[in-house]
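Visitor: return atomic coordinates for the entry below.
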Amino acid sequence: MLRTTYRELLEGRADAPPGQREAGARPLLFHLTASECWERIGTHGIGRIGLPVQPAPAVFPVNYAVDARTIVYRTAALGPTDPADGSSVSFQVDRIDEQLSQGWSVLLLGRVEHVDDPAEADRLRGLPGTAPWAGGARAVWVRIRPDEITGRRIGGG
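Guide: Take a look at the predicted model:
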């Protein structure tokens, strides 16, 4: 069963991924400073963690919080988003406004460390956005310490 309506077959799905509209008339690409990148990431949200797994890298959505210019998120022990300490990872957050043909993307490259101190884990639990959307037991805290942060914005002047 396709689980789609006749209207969706003709017009497309309402929950289709972004980027299916035409680009703006005169799109411009701007590079963001590190400060602008952190502003856009905000205090918490949904991002994508890129992990070095075999046979090829994998990307997973996670809800995250920002803690002293690091990214933290909760996961299940030995789950797919629980990389080994010291692993090199990427982390990306973006927003797209198709109506205005503009958006931005921030990419962070860094290394992973687990938060093992119970007092620190309790403190992190108090940050906005740290309750895992996926539910279930997510007792492992992962921190990404950035080596590099870059970003870009597309839109009019």
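
Visitor: that's a helix at residue 39, yeah?
Guide: Yes - Residue 39 sits within a helix when classified using DSSP: H, G, I helix; E, B strand; the rest coil.

Visitor: state the distance from it to residue 66.
Guide: 11 Å (CB to CB, to the nearest Å). No exception for glycine: its C-beta is placed from N, CA and C like everyone else's.

Visitor: looking at the two, which is more packed in?
Guide: More crowded of residue 39 and residue 66, by other CB atoms under 10 Å: residue 66, with 17 against 12.

Visitor: so how many other residues sit close to the closest residue to that one other than its chain neighbours?
Guide: Excluding the flanking residues, the one nearest residue 66 by CB to CB, 6 or more residues apart in numbering is residue 43, at 5.4 Å. Residue 43 has 12 neighbouring residues, counting by other CB under 10 Å.

Visitor: my read: residue 43 touches residue 128, true?
Guide: Yes - Residue 43 lies in contact with residue 128 (CB atoms under 8 Å); the separation is 5.7 Å.

Visitor: overlap in contacts, these two.
Guide: Taking CB atoms under 8 Å, 6 or more residues apart in numbering as the contact rule, residue 43 and residue 128 both touch residue 65.

Visitor: all set now, cheers.
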